[in-house]
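Q: What follows is a predicted protein model with its sequence.
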Amino acid sequence: MKSHPRHDPHQELELKLSLPGADPAVLARRLARTPALARRKRSQQSLYNIYFDTPDQALRQRGVALRLRRVGSAADPQWLQTLKTSTGERSALSQRGEWESAVAGPALEPAALAHTAWTGIDPDGRLFAALAPCFVTRFERTLWLVRRRDGSAVEVALDIGHIEADGKQAPICELELELKGGEPAALFELAHQLAQGVAVLPANLSKAERGFLLAQDALDRPQRARVTKLVLPLNRPELAQRVLREMFAQFSQNLDALRTSDDPEVVHQARVGWRRFRSGLRLFKKTLANAEAPPRLDLQPLLVGLGTLRNLDVAVTETLPSLSNTYAVGNAGRSQAWQAMLSALAQAAALQRQRVREAMQAPAVGVCLLAFTQWLEQLSGQGNTRPVKKAALQRWASRRITRLQHRLELAQKNAVTPEQQHLVRILAKRLRYGVEALRELLPKPLADDCSKKATRLQDTLGSSRDVAQASALVAEHGLDPAIQAFLQGVVAGYTLSTAPVA
């Protein structure tokens, strides 16, 4: 896990958690009653923050945030100017540079940036001259300082309020655990204690990042896979950590968005993130032989619920609309039956979406996600930590992908039944995810060939499986048997067309 640079007062190590579910006031009372905080003295702050950037968001592109904070009321304010820098990695645990100074009022002061990282960011002052307010945040902060017998100290901040940008608002309801002394493990130990009584989710986005997304109408949009930037040299545990951290962040960030978003693509990308993460665990199985991943049993109800919701979403928004004319064209009765079926499945999807949100509020889910977050932060220190030459990493990556490619080709030769074809589709996904994760280490011809082949197989076999799922849903919900029979016929046609030729 990242070590905390105690000698540097301008480094902040913080674990950020969002709080899904109930009314914020109810959550606040529940949190205050948790054993870890119940007997601790707490304090309250009213905070108003103005964030600045250039018109082209030069600071945001560099992972930099600059704000003015008013502490207290407008009648008796104290103003603070804060500069923060980050590494750009997506994780609920963040280590950032932080420089804070008292200033006279609600205007940026260049003198307060003189002995900070700003001198390297803006050496000639051009960026500062172009700065303008972008958005504001307003929230009430409740603070507890938890000192432990081992000498560690963690500040717990509960923030409840909202972000304002261009006439739009987004709620703030989150916990920030900041290490004030001791080792990083203290953050997770306290977070686990709090999560036993209050539902939490790892939060990868800072308030600054959420503010920029809100201003662009992009908050809570689906988070797709990102290319993992590999800054060599790396040892294999470090490589595994960077790849797996990005995969897990895609999963957890889409879960967070699902709390308020009804976009079916958010559900899809959450499931993609989890599948990529599981594939990554397989990819690095030998590397992580001495670093067993946490159990995931408590996630199963949520994962099953996400799968059910995804099947309904695909059926209602993609598969069934595309087959409507084939079944019902020119026949009013069939058309009416088809629309009734779509309406029933849409209602089922809405109900299932609510069930998934309720599943996310189970404390056990947050505890499990925290365990994975902590495990990921510890990976870089596992096993042989000596840097590996780039050529050695490239050979390892090529061997892993070639092995996956051969396994897929073998399965494809024997794929006759729907179950066998489904296995081919799963292997195609694993191959594509592996190529995406290791592309920087792979020969371009190998990466391109495997990616194209895997994507083509996924698309071809996915259509058949989607129709089969739709047929199963029609039967499960007791809908028109004639429609079910029609869908089964479509599946049979797909199976014949994709079967290997002898």
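A: Cool, the structure landed.
Q: make it CA atoms for all contacts and neighbour counts henceforth
A: Noted.
Q: Residue 77 against residue 70, yeah?
A: Yes. In terms of C-alpha atoms under 8 Å, residue 77 counts as a neighbour of residue 70; the distance is 6.0 Å.
Q: Look at these two and report which has more neighbours.
A: Neighbour totals were compared for residue 77 and residue 70, and residue 70 leads with 21 against 16 (other C-alpha atoms under 10 Å).
Q: The strand or helix carrying that one pairs with which strands, parallel or anti?
A: For residue 70, the enclosing helix or strand under DSSP states H and E is strand 64-71. Sheet pairing of strand 64-71 (DSSP bridges) gives strand 42-53 (antiparallel), strand 78-85 (antiparallel).
Q: and of those, who's closest to residue 148?
A: Smallest distance to residue 148 across these (C-alpha to C-alpha): 16.2 Å, for strand 42-53.
Q: now the closest one, how far from the centre of its chain.
A: 26 Å (C-alpha atoms, centre = their mean, to the nearest Å).
Q: now swap in stretch 118-132 and tell me
A: 32 Å.
Q: before we move on, what about stretch 223-231?
A: In terms of C-alpha atoms, centre = their mean, the centre of stretch 223-231 is set 12 Å apart from its chain centre.
Q: got the buried residues for that stretch?
A: Going by neighbour count (16 or more other C-alpha atoms under 10 Å), the buried part of stretch 223-231 is 223, 224, 225, 228.
Q: Which residue, neighbours along the chain excluded, lies closest to the last one?
A: Okay, so that is residue 228. The shortest distance from residue 228 to any residue other than its chain neighbours is 6.1 Å, reached at residue 243 (C-alpha to C-alpha, 6 or more residues apart in numbering).
Q: and that neighbour, what pLDDT?
A: The model reports residue 243 with a pLDDT of 95.
Q: What is the burial count for it?
A: 25.
Q: I'd guessed it sits against residue 231; true?
A: No. Using C-alpha under 8 Å, residue 243 is not in contact with residue 231; the gap is 11.9 Å.
Q: could you give the angle of the single longest strand found in the chain to strand 42-53?
A: Counting residues, the longest strand in the chain under DSSP state E turns out to be strand 132-147. On the basis of axes from the mean of the first three to the mean of the last three C-alpha atoms, to 10 degrees, strand 132-147 is oriented at 150 degrees to strand 42-53.
Q: after strand 132-147, next one along is what?
A: Going down the chain from strand 132-147, the next helix or strand is strand 153-165, by DSSP H and E.
Q: can you give me the offset of the longest strand of the chain from its chain's centre?
A: Worked out by C-alpha atoms, centre = their mean, strand 132-147 lies 23 Å from the chain centre.
Q: which helices and strands sit right next to that strand?
A: With contacts defined as 3 or more C-alpha pairs under 8 Å, 6 or more residues apart in numbering; DSSP states H and E, the packing partners of strand 132-147 are strand 42-53, strand 153-165, helix 207-215.
Q: Could you check whichever helix or strand comes after the first one and say which residues are buried?
A: Meaning strand 42-53. Where DSSP H and E defines the elements, the next helix or strand beyond strand 42-53 is helix 58-61. Burial within helix 58-61, assessed by neighbour count using 16+ other C-alpha under 10 Å, is assigned to 59, 60.
Q: again with stretch 413-423
A: Of the residues in stretch 413-423, 415, 416, 418, 421, 422, 423 count as buried by neighbour count, 16+ other C-alpha under 10 Å.
Q: Any idea how far apart the tips of that stretch sit?
A: In stretch 413-423, first residue to last residue: 12 Å (C-alpha to C-alpha, to the nearest Å).
Q: avg pLDDT for that stretch?
A: Averaged across stretch 413-423, the pLDDT comes to 86.
Q: Now do the helix or strand encompassing residue 493: which elements does it pack against?
A: Applying DSSP H and E as the criterion places residue 493 in helix 481-498. Packed against helix 481-498 by the contact rule (3+ C-alpha pairs under 8 Å, 6+ apart) you find helix 444-476.
Q: And the pLDDT at residue 378?
A: 92.
Q: list the helices and strands the helix or strand containing it packs on?
A: Using DSSP H and E, residue 378 falls within helix 363-378. Contact here means 3+ C-alpha pairs under 8 Å, 6+ apart; on that basis helix 363-378 packs against helix 185-195, strand 201-202, helix 236-258.
Q: other SSEs contacting the first one?
A: I take that to be helix 185-195. Against helix 185-195 (3+ C-alpha pairs under 8 Å, 6+ apart) you get strand 11-18, strand 153-165, strand 168-181, helix 363-378.
Q: Residues contacting it, please?
A: With contacts defined as C-alpha atoms under 8 Å, 6 or more residues apart in numbering, helix 185-195 is touched by 14-15, 31, 34-36, 152-154, 177-179, 363-364, 366-367, 370, 374.
Q: picking that back up, give the rounded mean pLDDT of the strand holding residue 70.
A: Mean pLDDT, strand 64-71: 97.
Q: Number the residues from 4 up from this point.
A: OK, 4 is where the count begins now, so the last one is strand 67-74.
Q: Next, work out how far apart residue 89 and residue 14 are.
A: Distance, residue 89 to residue 14, by C-alpha to C-alpha: 10 Å.
Q: Now do the shared contacts for those two.
A: Shared contacts of residue 89 and residue 14, counting by C-alpha under 8 Å, 6+ apart, come down to 98, 99, 100.
Q: Tell me who's in contact with the last one.
A: The neighbours of residue 100, taking C-alpha under 8 Å, 6+ apart as the test, are 13, 14, 15, 86, 87, 88, 89.
Q: ok, now the first one?
A: With C-alpha under 8 Å, 6+ apart as the criterion, the residues that contact residue 98 are 14, 15, 16, 17, 89, 90.
Q: quick one: low-confidence ranges for the stretch 404-505 of the chain?
A: Applying pLDDT under 70 to the stretch 404-505 of the chain flags residues 498-505.
Q: residues touching the nearest residue to residue 73 once chain neighbours are set aside, list them.
A: Nearest non-adjacent residue to residue 73, counting by C-alpha to C-alpha, 6+ apart: residue 82, 4.7 Å away. Shown in contact with residue 82 (C-alpha under 8 Å, 6+ apart): 71, 72, 73, 74, 105, 106, 107, 108, 109.
Q: returning to what we had before: could you flag which of the contacts of residue 100 are buried?
A: Among those, those classed as buried by 16+ other C-alpha under 10 Å are 13, 14, 15, 86, 87, 88.
Q: what does the host helix or strand of residue 396 contact?
A: Element membership for residue 396 (DSSP H and E) is helix 393-416. The contact list for helix 393-416 (C-alpha under 8 Å, 6+ apart) reads 235-236, 239, 286, 423-424, 426-427, 430-431, 433-434, 437-438, 441, 444-446, 453, 503.
Q: Just the buried residues from these, in ChimeraX please.
A: The buried residues among those can be selected in ChimeraX (16+ other C-alpha under 10 Å) with this line:
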select :239,286,424,426,427,430,431,433,434,437,438,441,444,445,453
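Q: Let's see which of the contacts of helix 393-416 end up in helices.
A: Of the contacts of helix 393-416, the ones assigned to helices by DSSP state H are 239, 286, 423-424, 426-427, 430-431, 433-434, 437-438, 441, 453.
Q: contacting residues around stretch 229-242?
A: Residues contacting stretch 229-242 (C-alpha under 8 Å, 6+ apart): 245-246, 249, 290-291, 382-393, 396, 439-440, 443.
Q: how about a cut-off of 10 Å?
A: Contacts of stretch 229-242 with the rest of the structure, by C-alpha atoms under 10 Å, 6 or more residues apart in numbering, involve 92, 243, 245-250, 252-253, 287, 290-291, 294, 380-393, 396, 399, 439-444.
Q: Just the buried ones from those?
A: Buried members of those, counted by 16+ other C-alpha under 10 Å: 92, 243, 245-250, 252-253, 287, 290-291, 294, 380-383, 385, 396, 439-444.
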